[in-house]
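Novice: Here is a sequence together with a model predicted from it:
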Amino acid sequence: MQDLLLTIKENSRLTEKMFRMVLSGDGLSAQLPGQFVNVQINGLYLRRPISVCDFENNSVTIIYAVVGKGTKALSEMKPGETLSVLTGLGNGYDTSVSGDHPLLIGGGAGVPPMFLLAKKLIAEGKQVTVVLGFNTKSEVYYTEEFFKAGCHIRLATVDGSLGAKGFATDILPSDYSYVYTCGPEPMLKAVYKTIQTSGQFSFEERMGCGFGACMGCSCKTITGYKRICKDGPVLRKEEILWED
């Protein structure tokens with residue numbers, strides 16, 4: 001974990017609610033796929049945890065949804081302004097178990113961490129298929145970036161306005177070696193019930209500190225309670241317990 005003062009290089013709108021921010025600064029080390037950063041916003045007590053979308057040229061890219069006061073303030077910041085950011089948080093995805101043809105499934109705000117993961121798997125010589133799910137055409141983003149990275153892409157929207165009509169789990173391929181996924185919990189549950197292999201699931205959870213001290217994001221697993229911020233946010237399929 002690093003506590004850094006990073007400079008905003010870009011803060012641009014992707015869709016009505018989604019924004020892309022690029023941050024850089026001295027001492028910024030490589031971020032792993034599935035890790036997150038915790039951003040301090042002036043005037044607000046708790047930091048905002050945001051998944052890492054990309055890391056290159058000593059810059060980290062995050063994509064965030066404007067859902068409240070904090071992210072609204074974040075969306076209004078300009079290039080050249082600085083942010084206090086805790087980086088290198090969470091365990092990230094383990095790519096050593098992916099096999100030759102991993103399947104990545106991202107839904108809505110769970111799409112960003114799939115991008116850095118896809119790049120890493122492709123660099124390892126894997127054939128990567130990415131399934132992306134959104135509610136409607138106006139909410140779709142980053143498909144071109146996945147395509148340029150070398151991924152095979154499948155796209156679904158709930159209303160059928162772009163790609164296949166339905167959910168991400170409705171368009172899964174039949175041939176894959178392993179699954180990585182991130183998205184809203186109903187999607188993760190559906191993926192859990194549908195996939196035919198093992199996998200790793202990244203969970204979204206409200207956090208206090210972001211590094212395991214406050215225990216506020218603990219969840220029960222097969223092997224006992226785990227902190228989503230420290231022991232996660234990525235959990236293996238075999239250790240997940242779903243609450244009714």
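Specialist: Here it is on my side, so go on.

Novice: can you pull the buried residues of the longest strand along the chain?
Specialist: As assigned by DSSP state E, the longest strand anywhere in the chain is strand 2-13. For strand 2-13, the buried set under the neighbour-count rule, 16 or more other C-beta atoms under 10 Å, comprises 4, 6, 8, 11. Using the backbone N, CA and C atoms, a C-beta is placed for each residue, glycine as well.

Novice: Turn the residues you listed into TSV, including distance to residue 53 and pLDDT.
Specialist: Listed next are those as TSV, based on distance: C-beta to C-beta, whole Å; pLDDT from 0 to 100:
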residue	distance to residue 53	pLDDT
4	17	93
6	15	97
8	15	98
11	13	98
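
Novice: and which of these is nearest to residue 136?
Specialist: Distance to residue 136 across the buried residues of strand 2-13 (C-beta to C-beta) is lowest for residue 11, with 24.3 Å.

Novice: In this structure the closest one contacts residue 21, no?
Specialist: Yes: using C-beta atoms under 8 Å, residue 11 is in contact with residue 21, at 4.8 Å.

Novice: got any ranges where the chain has weak pLDDT?
Specialist: 205-218, 229-230, 232, 244 (pLDDT under 70).

Novice: For it, list the residue farthest from the centre, please.
Specialist: Within the chain, the residue lying farthest from the chain centre (C-alpha atoms, centre = their mean) is residue 43, at 25.9 Å.

Novice: Distance check, it against residue 69.
Specialist: Distance, residue 43 to residue 69, using C-beta to C-beta, to the nearest Å: 9 Å.

Novice: could you say what helices and strands the longest helix that the chain contains packs with?
Specialist: Determined from DSSP state H, the single longest helix within the chain is helix 112-123. Packing partners of helix 112-123 (3 or more C-beta pairs under 8 Å, 6 or more residues apart in numbering; DSSP states H and E): strand 48-56, strand 102-107, strand 129-134, helix 143-149, strand 178-182.

Novice: So for residue 189, which of the ones you listed sits nearest?
Specialist: Residue 189 lies closest to strand 178-182 among the helices and strands packed on helix 112-123, at 10.7 Å (C-beta to C-beta).

Novice: Quick one: the helices and strands packed on helix 112-123 as CSV, columns for distance to residue 228 too.
Specialist: Compiled in CSV, the helices and strands packed on helix 112-123 are given as follows (distance: least, C-beta to C-beta, whole Å):
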stretch, distance to residue 228
strand 48-56, 9
strand 102-107, 18
strand 129-134, 22
helix 143-149, 26
strand 178-182, 12
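
Novice: Tell me which of those lies nearest to residue 121.
Specialist: Per C-beta to C-beta, nearest to residue 121 of the helices and strands packed on helix 112-123: strand 102-107, 5.7 Å.

Novice: Give the buried residues for that closest one.
Specialist: 102, 103, 104, 105, 106, 107.

Novice: Return the closest of these with respect to residue 86.
Specialist: For these, the closest approach to residue 86 (C-beta to C-beta) belongs to residue 106, at 23.6 Å.
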